[in-house]
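Chemist: take this sequence and fold it.
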Amino acid sequence: IIDVKGSSLDAVRYLPSLKRAIAIGQKYYPEVVASVTIVRAPGFARFLYKLIQQILPRKFQQKMCILGNRFEKGLKSHAGVDIADLPIFLGGRNCEAELT
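Modeler: This is a model prediction of the structure:
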C-alpha cells in the first residue's frame with residue numbers, strides 16, 4: 001500500500017527511475033509483490049500509470065490498483081486489507097503502524 005497524498009506533477013521527472021526500478025523488480029523478483037495498491041492518488045496518477053502500463057507484464061498489471069481518497073472498498077477488494085488495520089493517518093485504527 002503506497003500513500004501518494006500530496007504528490008504533484010513534479011513527480012513525472014521520476015518516471016524514468018520508476019520504470020528502471022520496475023524492470024529490475026520484474027527481472028529478479030517477479031513474484032515478491034502480491035499487490036501494489038496506491039491510495040489517495042491525485043487525478044493525474046491514472047494518466048501516469050497509463051504511460052508506463054504498456055511496459056509492464058500483464059501479470060504485474062493485474063497486481064496494480066490506483067485509488068483516490070475514498071479507497072476503503074477498493075483496498076479491501078484489491079489487497080484484502082481492512083481500513084481498520086491501517087495507520088491512523090490513513091483512516092485506520094492501528095496506532096502501532098504509525099511512521100516515525
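
Chemist: rest of the way, CA atoms for contacts and neighbours
Modeler: Fine.

Chemist: pLDDT weak spots in this structure?
Modeler: Scanning the chain for pLDDT under 70 picks out 15, 97-100.

Chemist: give me the most central residue, it.
Modeler: For the chain, the residue nearest the mean C-alpha position is I38 (2.6 Å; CA atoms, centre = their mean).

Chemist: so I2 sits against S35, correct?
Modeler: No. With contact defined as CA atoms under 8 Å, I2 does not reach S35; the gap is 10.6 Å.

Chemist: who has more neighbours out of the two?
Modeler: Between I2 and S35, counting by other CA atoms under 10 Å, S35 is the more crowded of the two (17 against 11).

Chemist: returning to what we had before: is it true that the residue nearest to the centre of the chain touches D3?
Modeler: Yes. Here I38 reaches D3: they are 5.9 Å apart, a contact under CA under 8 Å.

Chemist: please give me every residue in contact with V36.
Modeler: With contacts defined as CA atoms under 8 Å, 6 or more residues apart in numbering, V36 is in contact with 1-2, 63-65, 79.
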